Structure formats: structure tokens, C-alpha cells
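J.: Predicted coordinates and the sequence they were generated for:
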Amino acid sequence: MLIRKPDDIPGSEITPEQHFHNRRTLVRTLGLAAGSALLPGITRAEADEFQVPAVDDPLTPEKIVTGFNNFYEFGTDKSDPARYAHRLTTSPWRVTVSGEAEKTGEFDYEDLIAGMTPEERIYRFRCVEAWSMVVPWSGIPLADILRRLEPNSRARYVEFTTLYRPEEMPGQKAIFSSIDWPYVEGLRMDEAMHPLTLMATGVYGKPLPNQNGAPWRLIVPWKYGFKSIKSIVAIRFTSREPVNTWQQIAPREYGFYANVNPAVDHPRWSQARERRLPSTLLDQNWMPTLPFNGYADQVAGLYDGMDLSRNF
Ligand SMILES: Nc1nc2c(c(=O)[nH]1)N[C@H]1C(S)=C(S)[C@@H](COP(=O)(O)O)O[C@H]1N2
Ligand SMILES: [Mo]
């Protein structure tokens with residue numbers, strides 16, 4: 001897999017011809033017109049200027065990133081996804097695009113990212129259960145993918161759905177499961193178009209392992225981990241706020257926004273601190289949780305005027 005770090009290609013190496021060529025390829029692949037100008041949030045030019053903030057903390061070891069997972073489709077134990085997800089077939093991978101957009105229908109996921117080069121993004125990742133990691137994802141800014149689908153002016157939210165395939169996902173067969181499958185998540189359009197929001201296709205320089213959400217999954221680094229939905233098979237643009245799976249299960253504990261917020265505790269535990277993995281029984285490696293998981297400078301403006309004490 002090709003991985004381009006955003007700043008390791010000097011500008012002079014990319015000729016205008018290459019830009020033009022790439023653009024032509026994209027446009028041909030999906031039969032798309034040039035980028036739509038009416039999308040909320042950031043423009044293409046602003047996104048090109050955007051500096052991804054550097055994370056100084058050490059990376060969480062690969063075997064923890066790929067061996068300690070939440071992916072309830074494979075079971076509720078942290079080790080279940082790595083144990084069972086090899087059964088999942090990820091090729092071919094069809095994705096249904098529907099709702100308030102020009103380009104709707106069924107696509108191969110590879111066509112939706114054709115001509116786009118994954119970037120490496122090192123992000124802090126904070127689960128609502130108060131553990132955290134530092135992960136080198138690779139992926140494509142979600143904005144680039146959504147722009148290609150030409151959402152219309154009624155698209156205020158975008159909803160994502162995970163694969164439903166009980167034959168390959170033992171957790172979906174579990175009778176005692178409280179989850180109404182498939183797993184669903186959503187973002188407001190301006191959150192979805194924010195340059196930090198990533199559609200990850202890899203981790204640690206390799207294609208995404210199944211347990212991490214192959215072949216592609218969302219990464220929204222300023223929100224609790226459950227927003228970062230895995231193994232996506234549907235993208236729907238809508239005018240109404242989607243009801244995400246965890247909000248549906250426990251509306252008093254989990255909401256739609258789920259921005260990392262040390263000042264608002266979970267009803268059953270504090271969100272003021274987090275265990276940075278790896279940690280052990282002897283050394284829990286606690287550290288303070290940061291507002292918006294440390295990305296406040298980049299994203300706080302999205303929530304101007306919102307009551308953040310109720311924003312869970
Ligand atoms: N489809 C699906 N997506 C999911 C989950 C899940 O159970 N099913 N768990 C979420 C939670 S709670 C977290 S913390 C992250 C974990 O991602 P990781 O295993 O890659 O660290 O995935 C999120 N995405
Ligand atoms: Mo989580």
C-alpha cells in the first residue's frame with residue numbers, strides 16, 4: 001500500500017501535470033463533475049493549507065493496536081476481534097450510497113477512493129471506557145470521499161452502517177446481544193467534512209486488519225472511540241440527526257456528539273483521566289484526558305453556541 005506522509009513530498013516534486021492527471025482520473029472513475037462548492041465547513045483550498053497537529057507521545061505498540069479491540073460483531077472480549085475476525089471476507093466490498101446526494105447507488109469501495117493516496121495520520125484515540133492509544137493510521141480525509149458523492153443542500157448529516165453478516169460475525173448471532181445490528185454511526189456534515197476526519201484504510205503502514213475494521217473505517221480523533229465505526233458498507237446523506245447504535249442502547253450514557261470531554265463524567269465512571277495503553281495492573285499509566293482529546297484548537301469552533309456540559 002502506498003503511504004504518503006503529508007509533508008514528506010516537497011512541493012516541487014508534484015508537478016501541476018500530476019495534479020491535473022490525478023484529478024482527471026478521479027473525475028473519469030465516478031463520472032463526477034468538479035468539486036461542489038456548496039458544502040459546509042472547509043473548502044478544498046483551506047483543507048490543503050490545514051496542518052495536522054503533531055502528537056509527541058510514543059506510539060502504542062502494533063500488537064496492542066491490533067490485539068486489544070472493540071468490535072462487538074466478533075464478541076465483547078477485547079481479544080475476540082483478533083481471534084475471530086479472520087473469518088470475515090472483505091473482497092469484494094460493496095458500499096451503498098443513498099439519500100441527499102447526486103452520486104447514489106452501489107459502488108465498489110475501491111472506486112470511491114480511486115486515485116486518492118492514503119496519508120499517514122498519527123492520532124490519539126480515546127475510548128469512552130477511559131483507555132487510550134496513539135495510533136499511526138493511514139487513510140483518506142473523509143471530506144475528499146464525500147465531496148465526490150456531491151451531497152446536496154439538504155444533507156445536514158451523514159450516516160454510516162457496518163456490514164451485517166452473521167455467518168462471519170459471531171457477535172451478531174449472539175442471542176443475548178443487546179445490540180440491534182447492524183452498527184450505525186453518524187456525523188454532522190461539518191464534522192464529516194473537517195480535515196481531521198479520516199477514512200482509515202490502514203494502520204502501521206499495512207492494510208487495516210479485519211479486527212480494526214477492514215477494509216475501511218472512520219476515525220474521528222476528537223470523539224470517543226465508538227463514533228469511529230468499522231467495516232462500513234453504507235453511507236447515507238440525510239437532513240435528520242441519525243440515531244447511532246450506542247445512543248439507541250443507552251441514551252442516558254451515550255449521545256450523538258460524544259466529543260471527548262473530561263468535564264462531563266460517564267454516569268458510571270470519571271472521564272477526567274485515561275489509561276494510556278500499554279498499561280499493567282501495577283502501572284495503570286493514568287494521564288489526564290484533554291478537551292476534544294487534545295484537538296480543541298482544530299475543532300472547538302464547530303460547537304460554538306452549544307452547551308458542552310450536555311454534549312455527550
Ligand atoms: N462496527 C463497529 N464499529 C466499532 C465498534 C464496534 O463494536 N462495531 N466499536 C467502537 C469502539 S467502542 C471503539 S473504542 C473502536 C475501537 O477501535 P480499535 O479496535 O481499532 O481500537 O471501534 C469503534 N467502532
Ligand atoms: Mo470505545
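T.: Cool, got the structure. Ligands and ions are numbered 1, 2, ... in the order given.

J.: Quick check: chain neighbours aside, which residue is closest to residue 127?
T.: residue 225 (4.0 Å; C-beta to C-beta, 6 or more residues apart in numbering). Where C-beta positions appear, they are placed from N, C-alpha and C, glycine not excepted.

J.: what number of residues lie near the one you found?
T.: 20 (other C-beta atoms under 10 Å).

J.: roughly how far apart are it and residue 49?
T.: Separation of residue 225 from residue 49 (C-beta to C-beta, to the nearest Å): 28 Å.

J.: Next: residue 120.
T.: For residue 120, the distance to residue 49 - C-beta to C-beta - is 19 Å.

J.: who has more neighbours, the two?
T.: residue 120 (18 against 9).

J.: List the beta-bridge partners for that one.
T.: residue 138 (DSSP bridges).

J.: Quick check: it touching residue 136?
T.: Yes - Residue 120 is within contact range of residue 136, at 5.9 Å (criterion: C-beta atoms under 8 Å).

J.: what's the average pLDDT for stretch 124-144?
T.: Per-region confidence: stretch 124-144 scores 98 on mean pLDDT.

J.: Is ligand 1 within reach of it?
T.: Yes - between stretch 124-144 and ligand 1, judged by C-beta under 6 Å from any ligand atom, the touching residues are residue 127.

J.: Next, see if stretch 172-192 gets close to ligand 2.
T.: No - Stretch 172-192 does not reach ligand 2 (C-beta under 5 Å from the ion); its nearest approach is 11.6 Å.

J.: interface residues of the stretch 201-312 of the chain facing ligand 1?
T.: So far as C-beta under 6 Å from any ligand atom goes, the stretch 201-312 of the chain lies against ligand 1 at 212, 225-226, 228-231.

J.: can we see that at 8 Å?
T.: 203, 211-213, 217-218, 224-231, 245-246 (C-beta under 8 Å from any ligand atom).

J.: just checking, the residue nearest to residue 127 touches residue 128?
T.: Yes - at 6.5 Å, residue 225 and residue 128 qualify as touching, with contact defined as C-beta under 8 Å.

J.: how much space is there between the one residue in the stretch 1-150 of the chain that gets nearest to ligand 2 and residue 49?
T.: Closest approach between the stretch 1-150 of the chain and ligand 2, counting by C-beta to the ion: residue 127, at 3.4 Å. Distance of residue 127 to residue 49, given as C-beta to C-beta: 31 Å.
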